[in-house]
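Engineer: the sequence and its predicted three-dimensional model are supplied below.
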Amino acid sequence: MLAVTLMWSIAGVVSRWLEGAAAFEVTFWRSAFNALGLVVLLLALRGPRQLMATLRAGGRALWLSGVCWSVMFTAFMVALTLTSVANVLVTMALGPLFTALLSRAVLGHRLELRTWVAIALAGVGIAWMHGANVQGGDARQWLGTLVALAVPVAGAVNWTLLQHLKSQAARGVESADMLPAVLLGALISAGLALPLAWPLQASAHDIGWLAMLGVVQLAIPCLLAVAAARVLSGPEISLLALLEVIFGVLWAWLGAGEAPTGAVLGGGALVLLALAGNEALALRRASLATAG
């Protein structure tokens, strides 16, 4: 999972090394190469017959998950063209809290007091981060943040769906293999971005970097994260995933000179503290319950 967060975190700094590819062209090439990498990996893991059978029989759950993945793939890269890497990553870090709220509304999961406290602290942190944008009237920064918010919202829908399917499986209800949903998401994202990106004008330099992102930053770590989820608990996964924010901001700072502002550092630290504290307490409670 540490390797996964390292691979996820390189997207911001690599996007700053591109010569001139526009937002939707960046999204198209990254998603297209992600789909290509996933086809190769899934064929190796599942075989062509099983992969096609899963895609045909997946039903609404598989397609809903695929749409969620496509929103995450698309919104992330578009947001990076509108605002800083730090703003995008800290906004995305709200995913665990959105998931907790949606699970409460849809699945009836009870929220602990610690989660409500974390939600309040994270809200203060986000307000602190973007207060300067309000005062300065920076509409582009706010637009980037709103686009970035689509990532944790779609992620919350996706993880809540997977929780529902997991609970059904525990009751003996058979569910589809959801791993090909990542491939569907990449294909949908590339298909939607292509008309908006046309005519394609990216240089060979940019296409090379975007190919690397599609395979190394998305296809490989997405499959590794699914494998890690079979061993690690939900709180462990969420806690380790927060390292993407730290790594991503660091790479953008060192590799592209994109130093975060004081407001981003302060507000982002508060968001991360709230999220990390919430997940650490959940992990501790789970450990005590197991020991008991």
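Structural biologist: Nice, I can see it.
Engineer: the helices in the stretch 101-250 of the chain, which residues?
Structural biologist: Using DSSP state H, counting those that start in this stretch, the helices of the stretch 101-250 of the chain run over 113-136, 139-170, 180-197, 204-212, 220-229, 234-241, 243-256.
Engineer: and the ones you listed: which comes nearest Gly47?
Structural biologist: Of all the helices of the stretch 101-250 of the chain, it is helix 180-197 that lies closest to Gly47, at 12.2 Å by Cβ to Cβ. Quick note: C-beta positions are derived from backbone N, CA and C, even for glycine.
Engineer: of all the residues in the closest one, which ones are buried?
Structural biologist: Using 16 or more other Cβ atoms under 10 Å as the test for burial, helix 180-197 gives 180-190, 192-194, 197.
Engineer: check stretch 208-220 too.
Structural biologist: Buried residues in stretch 208-220, counting neighbours by 16+ other Cβ under 10 Å, are found at 209-211, 213-220.
Engineer: out of the helices of the stretch 101-250 of the chain, flag the one nearest Ala75.
Structural biologist: It's helix 139-170; of the helices of the stretch 101-250 of the chain, that one is closest to Ala75 (Cβ to Cβ) at 3.9 Å.
Engineer: average pLDDT across that closest one?
Structural biologist: Helix 139-170 carries an average pLDDT of 83.
Engineer: and it, what's buried?
Structural biologist: Judged by neighbour count (16+ other Cβ under 10 Å), helix 139-170 contains these buried residues: 141-142, 144-145, 147-163, 165.
Engineer: shaky segments in this protein?
Structural biologist: Scanning the chain for pLDDT under 70 picks out the ranges 130-138, 169, 173-176, 230, 232-236, 238-239, 290-292.
Engineer: let me see the contact set for the closest residue in space to Ala23 that isn't next to it in sequence.
Structural biologist: Nearest residue to Ala23, sequence neighbours excluded (Cβ to Cβ, 6 or more residues apart in numbering): Thr81, at 4.1 Å. With contacts defined as Cβ atoms under 8 Å, 6 or more residues apart in numbering, Thr81 is in contact with 15, 22-23, 26, 144.
Engineer: what separation do you get for Thr81 and Val106?
Structural biologist: Separation of Thr81 from Val106 (Cβ to Cβ, to the nearest Å): 32 Å.
Engineer: same thing with Ala269?
Structural biologist: Distance, Ala269 to Val106, using Cβ to Cβ: 31 Å.
Engineer: got it, and Val90?
Structural biologist: Distance, Val90 to Val106, using Cβ to Cβ: 26 Å.
Engineer: the two: which has the busier surroundings?
Structural biologist: Val90 (30 against 14; other Cβ atoms under 10 Å).
Engineer: now for the closest residue in space to the more buried one that isn't next to it in sequence, how many residues are close by?
Structural biologist: In space, and not counting its chain neighbours, Val90 is closest to Gly268: 4.2 Å by Cβ to Cβ, 6+ apart. Gly268 has 25 neighbours, counted by other Cβ under 10 Å.
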